[in-house]
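K.L.:
Quick one: sequence and predicted model below, then my questions.
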Amino acid sequence: MAVTVNIYYSGVNGNARKFAEEMVSSGVVGDIRAEEGNIKYEYFFPMDDAETVLLIDSWKDQHAIDVHHASPMMEKITRLREKYDLHMKVERYVSDEDGVPESDKAFIKE
């Protein structure tokens with residue numbers, strides 16, 4: 001069962017966006033995407049909040065997240081979070097093993 005974690009990074013003076021940009025330019029994002037079990041690791045920028053960045057981070061299961069959290073990658077991420085003095089709000093979602101209900105499919109254009 002896939003696990004998706006939405007992390008809202010917030011700071012001041014554009015630091016959340018600078019953090020995301022450095023995560024990409026330093027190669028950390030590419031390394032995380034290459035980790036076994038990673039499904040998605042993508043940053044988004046809310047239109048109405050220039051000081052926040054949303055990370056959507058999806059993994060195939062809890063074990064894959066645990067391995068990621070125990071990896072040296074987390075030290076790099078933590079250093080960058082501290083460098084940019086970011087605060088975090090976290091939401092966690094577990095996939096519905098039954099998929100999209102038939103009653104919802106009429107509202108989805110693929």
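P.N.:
Yep, that arrived.
K.L.:
Next one: residue 106 from residue 100, what distance?
P.N.:
Distance, residue 106 to residue 100, by C-beta to C-beta, to the nearest Å: 10 Å. In this view, the C-beta of every residue, glycine as well, is placed from N, C-alpha and C.
K.L.:
With neighbour numbers in mind, choose between the two.
P.N.:
Legend: neighbour count by other C-beta atoms under 10 Å for residue 106 and residue 100, higher for residue 100 (10 against 7).
K.L.:
Who are the contact partners of that one?
P.N.:
residue 108 (C-beta atoms under 8 Å, 6 or more residues apart in numbering).
K.L.:
Please identify the helix or strand for it.
P.N.:
Using DSSP states H and E, residue 100 sits in no helix or strand.
K.L.:
The one 4 residues further on now?
P.N.:
Counting by DSSP H and E, the element that carries residue 104 is helix 102-105.
K.L.:
mean confidence for that helix?
P.N.:
Averaged across helix 102-105, pLDDT comes to 82.
K.L.:
try stretch 50-62
P.N.:
97.
K.L.:
Residues touching that stretch, excluding its own?
P.N.:
Outside stretch 50-62, the residues that reach it (C-beta under 8 Å, 6+ apart) are 1-12, 14-17, 19-20, 37-46, 65, 68.
K.L.:
go with 6 Å
P.N.:
2-10, 16-17, 20, 37, 39-44, 46, 65 (C-beta atoms under 6 Å, 6 or more residues apart in numbering).
K.L.:
can you pull the buried residues of it?
P.N.:
52-59 (16 or more other C-beta atoms under 10 Å).
K.L.:
Okay, now the sheet partners of the helix or strand harbouring residue 58, with direction.
P.N.:
Assigned by DSSP H and E, residue 58 belongs to strand 52-59. When sheet partners are counted by DSSP bridges, strand 52-59 sits next to strand 3-10 (antiparallel), strand 38-44 (antiparallel).
K.L.:
Can you add mean neighbour count and mean pLDDT and give those strands back as JSON lines?
P.N.:
JSON lines is the format used below for the strands paired with strand 52-59 (neighbours: other C-beta atoms under 10 Å; pLDDT from 0 to 100):
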{"stretch": "strand 3-10", "mean neighbour count": "17", "mean pLDDT": "97"}
{"stretch": "strand 38-44", "mean neighbour count": "15", "mean pLDDT": "97"}
